[in-house]
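Student: with the input below, show me the fold.
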Amino acid sequence: MDPLHFAIAFCPLGVYLLRLGGLHLRGRTTVIGGNRDFAALALALLGLAIAGPMELFMPETAATQFGPLVWLLMFSFYGLVVTLTLLVSKPKLLIYNVDADELREVMTEVSQMMDSQPLWAGDCLVLPNCGVQLHLEDYPVTRCGALLAINENQSLAAWRQLHVNLCSSFARRPSQRSWLGLSFALAGATLCVVSVLWLAKDPHSTAQNVADLLRL
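Tutor: Predicted structure coming up:
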């Protein structure tokens with residue numbers, strides 16, 4: 001792999017890891033909507049898509065005819081796939097820098113605030129008067145949790161209110177930095193620094209690789 005393709009593939013991923021590291025090191029629990037998190041991940045993986053399948057399966061006839069503009073077509077197709085995935089996906093909330101016990105405790109508090117008859121069944125929670133049915137998931141290795149919609153019949157307004165209530169509840173609670181974030185930050189910084197240094201090592205070769213990639 002040449003330095004240009006390495007940078008294209010791993011710099012966006014490095015920035016995403018830096019973002020994860022920052023969320024864990026900021027010293028408080030952060031609640032993020034599933035669509036927003038998926039969009040950030042899609043941007044992080046865009047570089048890998050460019051250096052991998054996009055270039056591998058590039059239609060040469062279109063590349064010859066349109067030149068660099070063919071990449072706009074490829075990016076548009078990628079964007080459409082991501083947008084379609086977001087539109088058909090079920091509601092989801094990601095909670096960073098939280099453990100399973102605290103997440104369940106906060107969810108119990110918030111569910112009683114939103115609905116007079118919250119129903120628990122293991123890790124599943126139903127708010128019958130709000131139109132919310134969700135499943136709690138815990139990822140202890142990364143100190144993250146997730147709230148996943150169980151079925152399609154969900155109230156989006158109630159999910160938005162759930163998001164607001166969770167943010168308010170966690171803001172009132174003491175939290176601490178998760179030093180796991182340091183690992184994410186170091187990994188992301190390493191990918192970005194290695195990419196930049198490798199590109200700067202041979203600028204003439206990099207310029208030629210850019211021209212080849214853009215079909216100039």
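Student: neighbours around the closest residue to Leu156 other than its chain neighbours, how many?
Tutor: Closest residue to Leu156 apart from its sequence neighbours, by Cβ to Cβ, 6 or more residues apart in numbering: Pro91 at 6.6 Å. Where C-beta positions appear, they are placed from N, C-alpha and C, glycine not excepted. Pro91 is flanked by 21 other residues according to other Cβ atoms under 10 Å.
Student: for the longest strand belonging to the chain, output the C-alpha coordinates as CSV.
Tutor: Looking across the chain with DSSP state E, the single longest strand is strand 132-139. Taking Å, rounded to 0.1, in the frame of the first residue of the first chain, the C-alpha atoms of strand 132-139 are listed here in CSV:
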residue,chain,number,x,y,z
VAL,A,132,-41.5,3.0,23.4
GLN,A,133,-40.2,-0.5,23.5
LEU,A,134,-36.4,-0.9,23.9
HIS,A,135,-33.6,-3.3,24.9
LEU,A,136,-30.6,-2.3,27.0
GLU,A,137,-27.3,-3.5,25.8
ASP,A,138,-24.0,-3.1,27.6
TYR,A,139,-20.5,-3.2,26.2
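Student: so which elements touch that strand?
Tutor: helix 100-114, strand 124-127, strand 144-149, helix 156-171 (3 or more Cβ pairs under 8 Å, 6 or more residues apart in numbering; DSSP states H and E).
Student: now that strand: average pLDDT?
Tutor: Across strand 132-139, pLDDT averages out at 92.
Student: mind giving me the packing neighbours of the helix or strand bottoming out on mean pLDDT in the chain?
Tutor: Ranked by mean pLDDT, DSSP states H and E, the weakest helix or strand in the chain is helix 60-66, scoring a mean of 76. Secondary-structure packing of helix 60-66 (3+ Cβ pairs under 8 Å, 6+ apart): helix 70-88.
Student: can you show me the CA trace of the helix it packs on as CSV?
Tutor: C-alpha atoms of helix 70-88 as CSV (Å, rounded to 0.1, in the frame of the first residue of the first chain):
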residue,chain,number,x,y,z
VAL,A,70,-16.6,10.0,-11.6
TRP,A,71,-15.6,10.3,-7.9
LEU,A,72,-18.6,12.5,-7.4
LEU,A,73,-20.8,9.7,-8.7
MET,A,74,-19.2,7.2,-6.3
PHE,A,75,-19.5,9.6,-3.3
SER,A,76,-23.1,10.2,-4.2
PHE,A,77,-23.9,6.5,-4.3
TYR,A,78,-22.1,6.0,-0.9
GLY,A,79,-24.1,8.9,0.5
LEU,A,80,-27.4,7.5,-0.8
VAL,A,81,-26.6,4.1,0.8
VAL,A,82,-25.9,5.8,4.1
THR,A,83,-29.0,7.9,3.9
LEU,A,84,-31.2,5.0,3.1
THR,A,85,-29.8,3.0,6.0
LEU,A,86,-30.5,6.0,8.3
LEU,A,87,-34.1,6.3,7.1
VAL,A,88,-35.0,2.6,7.6
